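Asks: Build the 3D model from these lines:
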Amino acid sequence: MAADINVVVLVGRLTRDCELRSTPQGTSICRFSVAVNRRKRTGDKWEDEVSYFDVVLWGKSAETLSSYLTKGRQVSVQGELRQNRWEQDGQTHSKVEVVANNVQLLGSGNQQGGSAPNDGAQGGYQNNYQNSYQSGGYQQNRPAQRAPQQAAPVADVGGPESFDDADIPF
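Replies: Numbers count the residues shown, from 1 in each chain. Sure thing, here's the model as predicted:
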C-alpha cells in the first residue's frame, strides 16, 4: 500500500493580525488567515480570484513570529491540512486548517513598502520549524537574516488558458 501525502505550500498575505494564545499546559498557538490570489482568464480579461486559508502555528515558533504576523504581511507557509470536527448544540461541525511546519516572512509588512519593526533587514526573518517525528518532539533552527535582494523581472506567461494547441511543438 502506498503512503499518503498531505503537503501544503502557500504564498499570500495575512488578512488580519495574528491571534496568540496558550494551552493550559503553556504551549503557544498562533492563528492567522492568508489570502492567496490566482489570476484567471475570463474571455479577454484577466481577473484575480482570492482564496482564504486559516493557518495554525504551534510552540516557540508561534511566540517568536507572532509580533511579525500583521495584516498585509506577505508570508510563505509550508505545512499540512488538518480537519477538526466537533459537536455543538447537537450539530456536527467541521473545519479544515493548515498546520504550519515552516513560516517564512516575505517582503515588507504592508503593500506600500518599508520593513517590519525590529526585523533588521527587508525580507529578513525566516523561521524553520520542522516536526521531528523520530525524536517525538520538534526541532527549531535559529532565525536567519538575509541581505536585501533586488527582484528579478517577472514575465506574465498566464495560465493554461492562454496557450493554443498551435503553440505545442508535437
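
Asks: Where do the strands of this structure begin and end?
Replies: With DSSP state E as the criterion, the chain has strands at 8-14, 19-22, 28-42, 45-58, 74-88, 91-106, 126-132, 137-140.

Asks: Which of the ones you listed sits closest to Ser67?
Replies: Distance to Ser67, taken as CB to CB, is lowest for strand 19-22 among these, at 8.8 Å. Heads up, the C-betas are built off the backbone N, CA and C, glycines and all.

Asks: which stretches of the chain have low pLDDT?
Replies: 108-170 (pLDDT under 70).

Asks: again, 80 this time
Replies: 1, 107-170 (pLDDT under 80).

Asks: what's Ser66 sitting at in phi/psi?
Replies: Per-residue torsions, Ser66: phi -60, psi -40 (degrees, to the nearest 10).

Asks: how far away is the nearest residue to it once chain neighbours are set aside from Ser61?
Replies: With sequence-adjacent residues excluded and distances taken as CB to CB, 6 or more residues apart in numbering, Ser66 is closest to Leu20, at 4.2 Å. Leu20 is 11 Å from Ser61, where distance means CB to CB, to the nearest Å.

Asks: Likewise for Arg38?
Replies: Distance of Arg38 to Ser61, computed by CB to CB: 27 Å.

Asks: neighbour-wise, which of these two wins?
Replies: Just comparing Arg38 and Ser61: by other CB atoms under 10 Å the higher neighbour count belongs to Ser61, 22 against 10.

Asks: buried set for stretch 50-66?
Replies: The neighbour-count check on stretch 50-66 (16 or more other CB atoms under 10 Å) flags Phe53, Val55, Val56, Leu57, Trp58, Ser61, Ala62, Glu63, Thr64, Leu65, Ser66 as buried.

Asks: Could you do stretch 7-24 as well?
Replies: Neighbour-count burial for stretch 7-24, counted by 16+ other CB under 10 Å, picks out Leu10, Gly12, Arg13, Leu14, Cys18, Leu20.

Asks: Distance to Met1 added to the strands of the chain, as CSV?
Replies: As requested, those are exported to CSV (distance: least, CB to CB, whole Å):
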stretch, distance to Met1
strand 8-14, 23
strand 19-22, 38
strand 28-42, 33
strand 45-58, 29
strand 74-88, 20
strand 91-106, 24
strand 126-132, 23
strand 137-140, 28
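
Asks: For Ala2, which of these is the nearest?
Replies: strand 74-88 (17.1 Å).

Asks: in its sheet, what does that closest one sit against?
Replies: Applying DSSP bridges, strand 74-88 is found paired with strand 8-14 (antiparallel), strand 91-106 (antiparallel).

Asks: CSV for those, including distance to Ser33?
Replies: Below are the strands paired with strand 74-88 laid out as CSV (distance: least, CB to CB, whole Å):
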stretch, distance to Ser33
strand 8-14, 7
strand 91-106, 10
